[in-house]
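>>> Dropping the sequence and predicted coords here.
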Amino acid sequence: MTLDINRIQALCFDVDGTLSDTDDQYVEKFAKLFRPLSFLFKNKDAHRAARRFVMWSETPGNMIFGLPDVLGLDDELASLTDWLTRKKPPKLKHFILIEGIKEMLTALSEHYPMAVVTARNEEGTMQFLEQYDLLPFFDVVVTALTAEHSKPYPDPVIYAAKEMNTPVENCLMIGDTTVDIRAGKIAGAQTVGVLCGFGEEKELRQRGADIILETTSELTAILLKGK
């Protein structure tokens with residue numbers, strides 16, 4: 001897959017693992033707890049097991065949609081993810097901004113309208129954005145209950161596109177998990193998978209990410225090349 005930069009008129013950003021690096025603190029804590037049980041995990045990798053555990057505990061859909069596609073249960077899993085997100089939206093208590101994010105948003109905001117598209121609850125999302133003074137960069141903030149359904153349904157991306165007065169096919173969805181890629185692709189947007197969160201390159205590519213970046217801030221050089 002390749003990114004058609006000429007099509008892009010607006011940007012949609014996930015939060016956890018894309019703008020916020022909050023989860024890594026919890027991963028380290030659980031990795032310490034899991035190390036005595038490392039013999040139970042694939043390749044005895046307690047750190048990877050801890051990442052998977054935190055991913056499950058904080059955002060149910062991330063784990064659910066990491067299951068092999070061969071199960072053929074995409075629609076059923078989407079419904080379950082949406083219900084879990086709305087039933088008990090996960091809370092954030094501490095926030096860490098991924099390196100280079102504010103500089104990236106500053107540069108990109110001069111060229112594109114931008115939206116937050118997250119499955120987080122509104123309170124936690126706003127706390128993060130306000131803590132790092134990021135709110136002025138975004139034209140719209142879409143959280144777990146903003147649209148009729150949350151990610152991995154396409155509703156949040158479509159909602160953001162309408163609020164930015166941009167055709168959804170001219171939007172770019174940026175996220176770290178298959179949930180983000182699925183939502184963007186079904187909506188008709190192009191997608192960027194980033195590896196600074198929980199997503200792995202293989203699964204992001206399998207879901208159809210148009211491009212994979214090591215970290216979100218690399219987007220600046222790609223989108224502003226020649227501008």
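On my side now, so go ahead. Values in this document were obtained by computation on a predicted structure and should not be read as measured data.
>>> what sits opposite the nearest residue to residue 166 once chain neighbours are set aside in the beta ladder?
Computed as C-beta to C-beta, 6 or more residues apart in numbering, the closest residue to residue 166 that is not its neighbour in sequence is residue 10, at 4.1 Å. C-beta coordinates here come from the backbone N, C-alpha and C atoms, glycine included. Applying DSSP bridges to residue 10 yields these beta-bridge partners: residue 171.
>>> ok, now the one 10 residues further on?
Beta bridges link residue 20 to residue 16, residue 97 when assigned by DSSP bridges.
>>> neighbours around it, how many?
A count of nearby residues for residue 20, using other C-beta atoms under 10 Å, gives 27.
>>> what about it, distance to residue 128?
Computed with C-beta to C-beta, to the nearest Å, the distance linking residue 20 and residue 128 is 6 Å.
>>> With residue 225 instead?
Taking C-beta to C-beta, one finds residue 225 at 29 Å from residue 128.
>>> more crowded one of the two?
Neighbours were counted for residue 225 and for residue 128 using other C-beta under 10 Å; residue 128 has more, 24 against 8.
>>> Which helix or which strand is home to the residue lying closest to the more buried one once chain neighbours are set aside?
Counting by C-beta to C-beta, 6+ apart, the nearest residue to residue 128 once its immediate chain neighbours are dropped is residue 95, at 4.6 Å. Assessed by DSSP states H and E, residue 95 sits outside every helix and strand.
>>> before we move on, back to that, isn't the residue nearest to residue 166 up against residue 172?
Yes. Using C-beta atoms under 8 Å, residue 10 is in contact with residue 172, at 7.3 Å.
>>> of the two, who's got more company?
Taking other C-beta under 10 Å, residue 10 and residue 172 do not tie; residue 172 has more neighbours (26 against 22).
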